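*Asks:* sequence isn't available, so here's the structure alone:
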């Protein structure tokens, strides 16, 4: 089973009961898989008329308390950004979004890239917000991270993004689905399912669960949203909402970083790569090691929160850092911020659907280590 | 003494009234709340509210509500109704919300015959932004963005989206009502109730367009607004049932 389909199977195993999407190569197989597997699992599958509608259907499902997923690719993901921003920063609801990256900018091409790193980790929507972002490198890891994404999305009430790419998506390999996620790891007291037996809940506006008697927004909605709420009238303000959001993001940064390292202890050169590029260049690292070169690998698994601490620590010990990515250099910005000038940070990038090859990356590694000159690259 | 009027349970009493003098939105909220009370469905209702002056409703509506991004309420309602098919689900949207930015969502929800009810408040302008031209603005109507009046040569024609939606097979009940005088307000309530009942019978998409006055946006007094609604707005948007599918 390929990665697109494996992700949907993992989602069902994680208790996903709503899937919507719009056909978009190379993510369409997720939709195909969901179209028959979700109904069989007692869930709802629905093809949306556009990505904008898909993300808003997802928002409705999420606010009603259901685990839900959509899958798309670059330009479709761009269309979803307003909804993602709203779900992350205002409604604060969990969902999982798969972005199978293809070439950009614009409608780009169909080949693998990692050039939506920035849109996923920085957010393409308005305002201050963050999403959990995962960068799987294998089908097994994609399945595991999909389940983790649902669990963490629920825990933190925030969207989680799986950054796949065309190459990983089409990769077929064996994997283990593991155990189902518990039904209710987190109580969804905020789900709008009808107020029978409890107070009404209004979801999709900033702040906590506010009942009809609460003065939080009463009569002051617009003033509150534009930050002019009169002091003493509202128990909560938009600033208080944003401060609470910032605190949540600090907590996620402190607790949810996931990263794999290889041969880092004695490394002179640390290579940083995620997802498909990390998988493809691993033979170059192994080859260099077999030749006695002290090269290590840092593979961020969570792209946000980013393993900045680990990279900063590594930068104290290594002589050079090399970032390999299938973009003009997007993750390299995060690496440079973490390294903060301690060591030189080099970039090896491939563009337009070209993937990094172990031979060329190996030559880059030897060049940085001073074993070959730049001229001999030709 | 007999009690002839009381507060509805589905709308909570507020300490202040948020709408401009003469605005029809408060009446629309009241009618929806009365119908939900009469159907006994307050505990099973999920309202999805678009972007507009009526968005302050949830502190008026006394049942579960979701807030939608501008125009997207039908997409949210689609998911909610499909996942919770036994609930009463409705969207409340303005004419700008539904007939401009939200045309994709509303057309496809109706096409699929989604089993929720759409209540579109048509006040012929973007009331919340200050009365700017909406798709529903009538020919000749002056707004801050059509200072010389809506000219079809420049701004195009008014959008009769409710008539368009009535053509779709998935739409089972489509009506237009007006909140200009007591008799029409009672008809409006009957139409909302009928739409909810058809939704609950599972037949398909239901929609009621509600003409409401916007004195601030129209630059008229409340009394002049009601007159303008009857004499001008209703010429472009005639009231009545546009589609009643045989059950």
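*Replies:* Okay, I see it. Predicted model only: the values in this text are computed from it and were never measured.
*Asks:* what parts of chain B come near chain A?
*Replies:* B:12, B:14-16, B:18, B:42-46, B:48, B:55-56, B:58-69, B:72, B:75-80, B:82-84, B:87, B:104-105, B:108 (CB under 8 Å from any CB of the partner chain). To be clear about C-beta, it is placed using only N, CA and C from the backbone, and glycine gets the same treatment.
*Asks:* so among these, which ones count as buried?
*Replies:* For those, a burial check counting by 16 or more other CB atoms under 10 Å in any protein chain shown picks out B:12, B:18, B:42-46, B:48, B:55-56, B:58-69, B:72, B:75-80, B:82-84, B:87, B:104-105, B:108.
*Asks:* in helices, which of those fall?
*Replies:* Residues from these lying in helices, with DSSP state H as the criterion: B:75-80, B:82-83, B:104-105, B:108.
*Asks:* distance to residue B:114 and pLDDT added to those, as CSV?
*Replies:* Compiled in CSV, those are given as follows (distance: CB to CB, whole Å; pLDDT from 0 to 100):
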residue, distance to residue B:114, pLDDT
B:75, 10, 98
B:76, 11, 98
B:77, 7, 98
B:78, 5, 98
B:79, 10, 98
B:80, 10, 98
B:82, 8, 98
B:83, 12, 98
B:104, 14, 98
B:105, 10, 98
B:108, 9, 98
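*Asks:* next, give phi and psi for the closest residue to chain B within the stretch 251-378 of chain A.
*Replies:* Closest approach between the stretch 251-378 of chain A and chain B, counting by CB to the nearest CB: residue A:304, at 23.0 Å. Its backbone dihedrals place residue A:304 at phi -140, psi 120, with angles given as degrees, to the nearest 10.
*Asks:* could I get the contacting residues of it?
*Replies:* Residues in contact with residue A:304 (CB atoms under 8 Å, 6 or more residues apart in numbering or on different chains) are A:120-121, A:130-133.
*Asks:* mean confidence for stretch A:34-53?
*Replies:* Averaging pLDDT along stretch A:34-53 yields 97.
*Asks:* list the buried ones in it?
*Replies:* Burial within stretch A:34-53, assessed by neighbour count using 16+ other CB under 10 Å, is assigned to A:34, A:37-38, A:41, A:43-46, A:48-53.
*Asks:* so which of the residues you listed is the closest to residue A:356?
*Replies:* For residue A:356, the closest of those turns out to be residue A:51, at 29.4 Å, with distances computed as CB to CB.
*Asks:* who's in contact with the closest one?
*Replies:* Applying CB under 8 Å, 6+ apart to residue A:51 gives the contacts A:21-22, A:24, A:72, A:76-77, A:79-80.
*Asks:* is it true that residue A:348 touches residue A:361?
*Replies:* Yes: counting by CB atoms under 8 Å, residue A:361 is a contact partner of residue A:348 at 6.1 Å.
*Asks:* what residues does stretch A:69-76 touch?
*Replies:* A:4, A:7-8, A:11, A:16, A:18-22, A:24-27, A:30-31, A:34, A:51, A:54-55, A:58, A:80, A:95-104, A:106-108, A:115-116.
*Asks:* where do the strands sit along chain B?
*Replies:* Under the criterion DSSP state E, strands of chain B are mapped to B:45-49, B:64-67, B:88-94, B:117-122, B:171-178, B:205-211, B:240-244.
*Asks:* just the stretch 51-200 of chain A next, same as before
*Replies:* Remark: strands assigned in the stretch 51-200 of chain A by DSSP state E, counting those that start in this stretch are A:68-72, A:95-101, A:132-134, A:159-165.
*Asks:* ok, now how distant is residue A:52 from residue A:360?
*Replies:* 40 Å (CB to CB, to the nearest Å).
*Asks:* how close does the residue lying closest to residue B:141 once chain neighbours are set aside sit to residue B:20?
*Replies:* When the adjacent residues along the chain are set aside, residue B:141 lies closest to residue B:150, with 5.1 Å between them (CB to CB, 6 or more residues apart in numbering or on different chains). Counting by CB to CB, the gap between residue B:150 and residue B:20 amounts to 22 Å.
*Asks:* swap in residue B:66?
*Replies:* From residue B:66 across to residue B:20, the span is 25 Å (CB to CB).
*Asks:* low-confidence ranges, chain A, go.
*Replies:* Across chain A, residues meeting the criterion (pLDDT under 70) sit at A:183-185, A:205-237, A:374-378.
*Asks:* find the centremost residue of it, please.
*Replies:* Nearest to the centroid of the C-alpha atoms of chain A, with distances taken as CA atoms, centre = their mean, sits residue A:133, at 1.8 Å.
*Asks:* tell me what it is bridged to.
*Replies:* Residue A:133 has the following beta-bridge partners by DSSP bridges: residue A:161, residue A:304.
*Asks:* separation between it and residue A:153?
*Replies:* Residue A:133 sits 12 Å away from residue A:153, going by CB to CB.
*Asks:* got it, and residue A:275?
*Replies:* If you measure residue A:275 against residue A:153 using CB to CB, the figure is 20 Å.
*Asks:* ok, those two, which is more surrounded?
*Replies:* Set side by side, residue A:275 and residue A:153 give different neighbour counts by other CB atoms under 10 Å in any protein chain shown, the larger being at residue A:275 (30 against 27).
*Asks:* ok, the more buried one touching residue A:114?
*Replies:* Yes: between residue A:275 and residue A:114 there is a contact at 6.3 Å, judged by CB under 8 Å.
*Asks:* on that earlier part again, return every residue with contacts to both of residue A:348 and residue A:361.
*Replies:* Once CB under 8 Å, 6+ apart is applied, the residues that residue A:348 and residue A:361 both contact turn out to be residue A:324.
*Asks:* who has more neighbours out of these two?
*Replies:* residue A:361 (25 against 21).
*Asks:* which elements pack onto the helix-or-strand element of chain B with minimal mean pLDDT?
*Replies:* Taking mean pLDDT, DSSP states H and E as the measure, the helix or strand of chain B with the lowest value is strand B:64-67, at a mean of 89. For strand B:64-67, the contact count by 3 or more CB pairs under 8 Å, 6 or more residues apart in numbering or on different chains; DSSP states H and E identifies helix A:51-63, strand A:202-203, strand B:45-49 as packing neighbours.
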